[in-house]
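Chemist: Pasting a predicted model and its sequence here:
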Amino acid sequence: MQQFSDSDILEMLRSGEPPKQERAFRRLYQSYYKTIENLVNQNSGSPDDVKDVFHDGLIVLFNNAKKEDFQLTSSLKTYLYSVCRNIWLMKLRKVKKESPLKDHHKHIPMEQSIFDTLVSNDRKKFVESLLEKLSEDCRRLIVLYYFNKMKMAQLKEVFGLGSEQAAKNKKSQCMKKLRQLAMNAGGAFYK
């Protein structure tokens, strides 16, 4: 099998020549399908889900690669994995929203509701204490993204980053630090 660098594959996708594009897709499939298959299967997916997510990820990559301002700020494997992971998480959220909710709350005793409220408040305090331990940039990014619902394009501008992918990478690094802090703190409320 001929070896292609990430930039070779991007150039083949951008070429506009179907044989080159087909060769690039074949190479992407051979190199990364198993990785995406593992991701989806480990998160309640079926073989059909794997195909859908991988193909949707390839479409996103193809469309982005054709943009003049597109720059790969990570390896192609990391980029495709991130895209497919986001696609799969969105599908899982959609399925969760569409599944009918059973009305169990009528049978919960009042003490349980009070307990849940107390636990929820303790979790908020725990997260706030962890956020205080992060750098100013990370704390600000997490608050803007998760609490203010700011989009990656906006975060790119706020933090003066070169691309939305760079913003995603920064968010990922900050979340990794936050998770590590939570685990180091005993993770009593980290689930």
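Modeler: Arrived safely, thanks for sending.
Chemist: helix, strand or coil for residue 45?
Modeler: Following DSSP: H, G, I helix; E, B strand; the rest coil, the label given to residue 45 is coil.
Chemist: show me what contacts it?
Modeler: 53, 88 (Cβ atoms under 8 Å, 6 or more residues apart in numbering). Glycine gets a C-beta too; all of them are placed from N, C-alpha and C.
Chemist: do you know how far it is from residue 166?
Modeler: Look at residue 45 and residue 166: by Cβ to Cβ, to the nearest Å, they are 29 Å apart.
Chemist: Likewise for residue 184?
Modeler: Remark: distance between residue 184 and residue 166 (Cβ to Cβ) = 27 Å.
Chemist: In terms of packing, which of the two has more residues around it?
Modeler: residue 166 (18 against 10; other Cβ atoms under 10 Å).
Chemist: And the helix or strand hosting the more buried one, what does it pack against?
Modeler: Taking DSSP states H and E as the definition, residue 166 sits inside helix 164-184. Using 3 or more Cβ pairs under 8 Å, 6 or more residues apart in numbering; DSSP states H and E, the elements in contact with helix 164-184 are helix 76-98, helix 110-133, helix 136-142, helix 152-158.
Chemist: per-residue confidence averaged over the first one?
Modeler: To tie it back to what came earlier, the one meant is helix 76-98. If you average the pLDDT over helix 76-98, you get 85.
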